[in-house]
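A.B. asks: sharing a sequence plus its predicted fold:
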Amino acid sequence: MDDARDELVELTRQLIRWPTVNPPGDAYEPCAQWLGGELGRRGYTVEYHVANGRPEHTTQHPRVNVIGRRDGAMPRPTLHFNGHIDVVPVGLGWTLDPFAGVVRDGRVYGRGAADMKGGLAAAIIACDAVQRAGVPLRGSLEISGTVDEETGGWAGVAHLAQIGRLTSARVDSVIIPEPLNVDRICIGHRGVYWFDVITRGLIAHGSMPYLGVNAIEHMGEVLHEIRAVLAPRLATRVTAMPVVPDESRRATINVNTIAGGQVGHAVQSPCVADHCSAIFDRRFLREEGFDATRAELVEVLEGVRGRIPRFAYELIDRLVVHPVETPASSPLIATLRRGIGHVIGHEATVVASPGTYDHKHVTGIGGIVDCVAYGPGVLEVSHQPDEWVSIDDLVHSAQVMALATLDIVGDPRTPVTWPSQ
Ligand SMILES: [Zn+2]
């Protein structure tokens, strides 16, 4: 692995140079094709899976996923490394070219360096190292580059699971090299509930507002109720899952968007607003569950209705992601813990992610419970200007992933040795 250090840096830089910005989903096809070429050159059988039928898969922005597979002596177990190739938009505040793959002071810089092109490159080099060491595989090895993780992953990992390609019928274990830090193993995430609240009023002349019902003011009542009643209650609930940062172990609610006025008109008018809509992001805990989360919200809204005359609202569910958690007995946790202890030199921390990632589809649709996130990037620099990944972390995470690969699909006749233990 030490010999492959430059190669790992170069692979990370090449991945960064594809501007796979999502939204809208730029350069997916050439990036997937290039990645397929890299995997093919390394001896993988390469498949492309286009997300046919998904509305976001268009001629202008095709959704193309790539999988490389290397068969061992037996088809199972199969260990699958999954990395998303999409990156979030660049945003303001950069001091260097986000798509050049600048190397400086022991770091590779660029959009996606941490989240998560560095992680994908590390997984590829980890598997290369096992092959170059001449270790025969007992089981099989797969590496995928998938799209749209940053916008929900429906044309990416969810699609692969739905078509039966990434399911427990074919794959036993999945490692997702998301940026959760080189010495941490991530076992899942809380639940997400996005919903719209729409308040409906009655239009009237703005000079005689008492003749109408103001939907914006009614939304104000909703916001007040959420802030004064619901939010303090949520703040008292703490999950047993090891979510980082610590503050994200609590249940939370955030209002994302608000718009009000006349239906269909973006400009102000001399009228009483008859329409207001707001979008909320509620992060719920495994211990709360979705049904109770939604019921509690309805109760809050009904409370407002009981209090405010002529209050009318609609609640529309936008997205529900259920919490996922890797079982504590997962062999992936055990092997990564051992690898981190050996390579990094201290005890691994088991964490849960503050946000969701493709784990939800791997387990929720694919039914694969043995899934974790482990990768080299630093969580806090993801999605930030001047995003970077440390080259030492790239190498160390690749070493840990290589050891996990040996453990899970390596030939038992060449057992993993742990020199320092
Ligand atoms: Zn990511």
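C.D. replies: Yep, it's here.
A.B. asks: what does the stretch 1-150 of the chain put close to the ion?
C.D. replies: 115-116 (Cβ under 5 Å from the ion). (C-beta placed from N, C-alpha, C; glycine too.)
A.B. asks: residue in the stretch 1-150 of the chain nearest to the ion?
C.D. replies: Proximity to the ion, evaluated over the stretch 1-150 of the chain using Cβ to the ion, is greatest for residue 115 at 4.1 Å.
A.B. asks: number of nearby residues for residue 314?
C.D. replies: 11 (other Cβ atoms under 10 Å).
A.B. asks: grab the nearest non-local neighbour of it.
C.D. replies: Distances taken as Cβ to Cβ, 6 or more residues apart in numbering put residue 198 closest to residue 314, at 4.4 Å, once the chain neighbours are dropped.
A.B. asks: ok but that neighbour is inside a strand, no?
C.D. replies: Yes. Under DSSP: H, G, I helix; E, B strand; the rest coil, residue 198 sits within a strand.
A.B. asks: break this protein into its domains for me.
C.D. replies: 2-189+323-409, 191-321 (automatic domain parsing).
A.B. asks: tabulate those (JSON lines), appending mean pLDDT.
C.D. replies: Listed next are the domains of the chain as JSON lines, based on pLDDT from 0 to 100:
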{"stretch": "domain 2-189+323-409", "mean pLDDT": "97"}
{"stretch": "domain 191-321", "mean pLDDT": "96"}
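A.B. asks: so residue 404 sits against residue 331, correct?
C.D. replies: No. Look at residue 404 against residue 331 with Cβ atoms under 8 Å: they stay out of range, at 9.3 Å.
A.B. asks: between these two, which one's more packed in?
C.D. replies: Shown here are residue 404 and residue 331; by other Cβ under 10 Å, residue 404 has more neighbours (29 against 15).
A.B. asks: and the residue in the stretch 251-400 of the chain that the ion sits nearest to, what are its phi and psi?
C.D. replies: Nearest to the ion, among the residues of the stretch 251-400 of the chain, is residue 357, at 5.8 Å (Cβ to the ion). Note on residue 357: its backbone torsions stand at phi -150, psi -170 [degrees, to the nearest 10].
A.B. asks: please apply the same query to the one 10 residues further on.
C.D. replies: When quoted as degrees, to the nearest 10, the phi and psi of residue 367 stand at phi 70, psi 20.
A.B. asks: and it, how far from residue 172?
C.D. replies: Distance, residue 367 to residue 172, by Cβ to Cβ, to the nearest Å: 11 Å.
A.B. asks: which element is residue 79 on?
C.D. replies: strand 78-84 (DSSP states H and E).
A.B. asks: re earlier: what about the residue nearest to residue 314, how many residues nearby?
C.D. replies: 17.
A.B. asks: any idea what it is bridged to?
C.D. replies: residue 277, residue 314 (DSSP bridges).
A.B. asks: and residue 375, what element?
C.D. replies: Short version, using DSSP H and E: residue 375 is in no helix or strand.
A.B. asks: circling back to that earlier point, ok, the residue nearest to residue 314 - contacts?
C.D. replies: 275-277, 313-314, 316 (Cβ atoms under 8 Å, 6 or more residues apart in numbering).
A.B. asks: in JSON lines: those, plus distance to residue 324.
C.D. replies: JSON lines is the format used below for the contacts of residue 198 (distance: Cβ to Cβ, whole Å):
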{"residue": "275", "distance to residue 324": "37"}
{"residue": "276", "distance to residue 324": "34"}
{"residue": "277", "distance to residue 324": "30"}
{"residue": "313", "distance to residue 324": "31"}
{"residue": "314", "distance to residue 324": "30"}
{"residue": "316", "distance to residue 324": "25"}
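A.B. asks: most neighbours, which of those?
C.D. replies: residue 276 (23 neighbours).
A.B. asks: what strand or helix carries the residue nearest to that residue when sequence neighbours are not counted?
C.D. replies: Leaving aside its chain neighbours, residue 276 sits nearest to residue 260 (3.4 Å; criterion: Cβ to Cβ, 6+ apart). Element membership for residue 260 (DSSP H and E) is strand 252-261.
A.B. asks: elements contacting that strand?
C.D. replies: helix 215-225, helix 231-235, strand 275-284 (3 or more Cβ pairs under 8 Å, 6 or more residues apart in numbering; DSSP states H and E).
A.B. asks: mind saving the C-alpha coords of that strand as PDB?
C.D. replies: This file holds the C-alpha atoms of strand 252-261, laid out as PDB (Å, rounded to 0.1, in the frame of the first residue of the first chain):
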ATOM      1  CA  THR A 252     -34.800  18.200  15.700                       C
ATOM      2  CA  ILE A 253     -37.100  20.200  13.400                       C
ATOM      3  CA  ASN A 254     -36.000  22.900  10.900                       C
ATOM      4  CA  VAL A 255     -38.100  25.100   8.600                       C
ATOM      5  CA  ASN A 256     -36.500  25.100   5.100                       C
ATOM      6  CA  THR A 257     -38.700  27.200   2.900                       C
ATOM      7  CA  ILE A 258     -41.700  29.600   3.300                       C
ATOM      8  CA  ALA A 259     -43.800  31.300   0.600                       C
ATOM      9  CA  GLY A 260     -47.000  33.100   0.900                       C
ATOM     10  CA  GLY A 261     -49.400  35.500  -1.000                       C
END
